[in-house]
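>>> kindly generate the corresponding structure for this input.
(2 chains)
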Amino acid sequence: MKNFGYTIQRDQSIDIDQNDRRIVNYLLSLEPSFNLCLGCGSCTGTCTAGHFVDFNIRRVHTLLRRGESKQLKTEMKKCMFCGKCQLVCPRGVNLRNLIITIQRAIEQIG
Amino acid sequence: MKIEGKRRIWKDYQKEIAEDRYFYVRSCVRQNFFPGSERTFLRIMKDELNKDVFENAAHTTCSGIGYHSDIVPFETVMTMVARQFALMTESGYENFTTSCITSFGLYTEILETWQHFPDVELRVREHLKKATGREFIVPKNLSHASDVIFKFRKEIANKAKFKLINKHTGKPIQVVEHIGCHYSRMFPSKGVGGAEYPYVLVGMIEDWGGEVIDYPERRHCCGFGFRQYLVQANRGYSLSCSKKKFDSMAPYKPDCILTNCPGCPMFLDRWQYALSEMEGITYGENGQGIPVLTYEELAGMMLGYNPWDLGLQVHQVPVEPLLDKIGIPYNPEQKFLTLDGMSIGKPETPTFLKFY
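Take a look at the predicted model:
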């Protein structure tokens, strides 16, 4: 391949039709309370891990919905399972089970 | 493509285009990129439509490339443009027609500026008088050459020897239209059809028998962007913009791309070669690429002009597959010959892109 002295920037647009939504479908079948999330961000606001590292459960939610599973793998390693997010969730989403299910989905689906 | 709503918008943006007596100004770069296009415009206007089109040899650059690259200040640009208007006035014409989209955008911008700030116009008149001793009157009508071809598209269709129909399938040729950013994005009312749904090229394609493809990145810039290209290290940004468009249009299987700007056909054509050499990606059927045409070239093709007189041999993406689809005859042996039979030399064969 030739080098003309410049490179191609990868397109950062999100194509929902192209992305892999198997993880979010798996998750919704095992933890239906995920559907109740209204995106208020209370989970992220109270997250212990989020105070120390760049971890944002609301962003995890968005990545899941968009089917961007590559970034999910590194994100999920940051959770400490303290459960504070679940305590403050106004919709009663079972967040701890959600995180465990995501990790299991990543292992099984990839 | 649902065009009902678009037709309504197109109706809101109708511009006045002069009927005859055009003062024509060429583009700085088009004569190198697509050398047959401007000549074809003049040939169509004079020989086919019997119109009066005048060129003044003293015409210079409008300095639009320098302006959009932040090199030439606006005050200088306005004075240079005032000089072009003075040439028109001295030649006895009132209708100004530009070949270049950036020039058209710049002339529009300057006329709008003078309308809102008459004191600026007075100052520019003073600069011009001091520098050159010239005076000018503001053009009565300003149009881009694609506006003029659009105006006479039905006359061209009546004289056409070919239609945009695939002779093998009998179906309309699928065309992607690409409008230069400076045509109507800055001043929507100055373009046919406005900024969002410009009708200028669509009208030509429809009247000449083709079908327009509506695809997600239709209004995305080709990537030229002046500074993006002028600095070598930034060219990847320009290339990435074109790639985004190609990736978006490819599933619709376009037969060709039609443009009305000097930069767009250059980049949409040459970047297909760069992409193929850098990443091995080719678009179009069997790695032959998607041919990119200027509106003059397409009009000339419809009128049955010799493809090599139109300058189609200097395209990076070969145009032969499209000529075969429409059924336009051409002599492959004359492809790289001058009018008097001298060889102009053959280009290197690309690694991936098909070469004829």
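>>> tell me the contacts of residue B:207?
The contact partners of residue B:207, taken as C-beta atoms under 8 Å, 6 or more residues apart in numbering or on different chains, are B:153-154, B:157. Placement of C-beta: from N, CA and C, glycine included.
>>> mark which of the residues you listed are buried, thanks.
For these, a burial check counting by 16 or more other C-beta atoms under 10 Å in any protein chain shown picks out B:153, B:157.
>>> how about low-confidence regions in the chain?
As the question left the chain open, I've gone with chain A. Counting by pLDDT under 70, the low-confidence segments of chain A come to A:110.
>>> let's do chain B instead
Applying pLDDT under 70 to chain B flags the ranges B:1-3.
>>> nearest residue to the middle of it?
residue B:260 (2.5 Å; C-alpha atoms, centre = their mean).
>>> next: chain A.
Central residue of chain A (C-alpha atoms, centre = their mean): residue A:60, at 2.3 Å.
>>> quick one: secondary structure of the residue lying closest to it once chain neighbours are set aside?
The shortest distance from residue A:60 to any non-neighbouring residue, by C-beta to C-beta, 6 or more residues apart in numbering or on different chains, is to residue A:75 (5.5 Å). Here residue A:75 is recorded as helix under DSSP: H, G, I helix; E, B strand; the rest coil.
>>> residue A:57: neighbour count?
By the criterion of other C-beta atoms under 10 Å in any protein chain shown, residue A:57 has 26 neighbours.
>>> so who does the residue nearest to it when sequence neighbours are not counted touch?
In this structure, residue A:57 finds its nearest non-sequential neighbour in residue A:43, 4.4 Å apart by C-beta to C-beta, 6+ apart. Residues near residue A:43 by C-beta under 8 Å, 6+ apart: A:57-58, A:85-86, A:88-89, A:93, A:95.
>>> same thing but at 7 Å, please
Contact analysis of residue A:43 by C-beta atoms under 7 Å, 6 or more residues apart in numbering or on different chains lists A:57-58, A:85, A:88-89, A:95.
>>> next one: residue B:351
Residue B:351 neighbours (C-beta under 7 Å, 6+ apart): B:276-277.
>>> SS state for it?
Looking at residue B:351 with three-state DSSP, the answer is coil.
>>> residue B:97 too?
Three-state call for residue B:97 (three-state DSSP): strand.
>>> what's the local residue count around the residue lying closest to it once chain neighbours are set aside?
Once flanking residues are discounted, residue B:97 sits nearest to residue B:22: 4.3 Å by C-beta to C-beta, 6+ apart. By other C-beta under 10 Å, 26 other residues sit near residue B:22.
>>> I'd like to know the beta-bridge partner residues of residue B:22.
residue B:53, residue B:95 (DSSP bridges).
>>> what's the distance between it and residue B:53?
For residue B:22, the distance to residue B:53 equals 5 Å [C-beta to C-beta, to the nearest Å].
>>> helix or strand for the residue located most distally from the centre of chain B, which one?
Distance from the C-alpha centroid of chain B peaks at residue B:130, with 35.0 Å (C-alpha atoms, centre = their mean). Per DSSP states H and E: residue B:130 is located in helix B:118-132.
>>> what sits up against that helix?
Against helix B:118-132 from outside (C-beta under 7 Å, 6+ apart): B:78-79, B:82-83, B:86, B:113-114, B:134-135.
>>> over to stretch B:299-306?
Stretch B:299-306 has contacts (C-beta under 7 Å, 6+ apart) with B:40, B:44, B:48, B:149, B:156, B:159-162, B:208, B:307, B:310, B:328.
>>> any buried residues in stretch B:59-79, and which?
Residues of stretch B:59-79 classed as buried by neighbour count (16+ other C-beta under 10 Å): B:59, B:61-68, B:72, B:77-79.
>>> burial measure for the residue nearest to residue A:60, as a count.
18.
>>> skipping adjacent residues, who's closest to residue A:3 in space?
Of all residues not flanking residue A:3 in the chain, residue B:278 sits nearest, at 7.6 Å (C-beta to C-beta, 6+ apart).
>>> where do the helices sit along chain A?
Remark: helices assigned in chain A by DSSP state H are A:22-30, A:42-46, A:48-52, A:57-66, A:69-76, A:84-88, A:95-109.
>>> reformat the contacts of helix B:118-132 as a markdown table; add secondary structure and distance to residue B:274.
Shown next, in a markdown table, are those (DSSP: H, G, I helix; E, B strand; the rest coil; distance: C-beta to C-beta, whole Å):
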| residue | secondary structure | distance to residue B:274 |
| --- | --- | --- |
| B:78 | helix | 36 |
| B:79 | helix | 37 |
| B:82 | helix | 39 |
| B:83 | helix | 37 |
| B:86 | helix | 41 |
| B:113 | helix | 37 |
| B:114 | helix | 41 |
| B:134 | coil | 43 |
| B:135 | coil | 47 |
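>>> for PyMOL, what selects the buried ones among these?
Entered in PyMOL, the line below selects the buried ones among the contacts of helix B:118-132, by 16+ other C-beta under 10 Å:
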select buried, chain B and resi 78+79+82+83+86+114
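>>> among the contacts of helix B:118-132, which one sits closest to chain A?
Set against chain A, the nearest of those by C-beta to the nearest C-beta is residue B:78 (33.9 Å).
>>> return the distance of that closest one relative to residue A:54.
Taken as C-beta to C-beta, the span from residue B:78 to residue A:54 is 50 Å.
>>> which residue ranges of chain B form strands?
Remark: strands assigned in chain B by DSSP state E are B:22-25, B:53-54, B:95-98, B:141-144, B:174-178, B:211-212, B:256-259, B:292-294.
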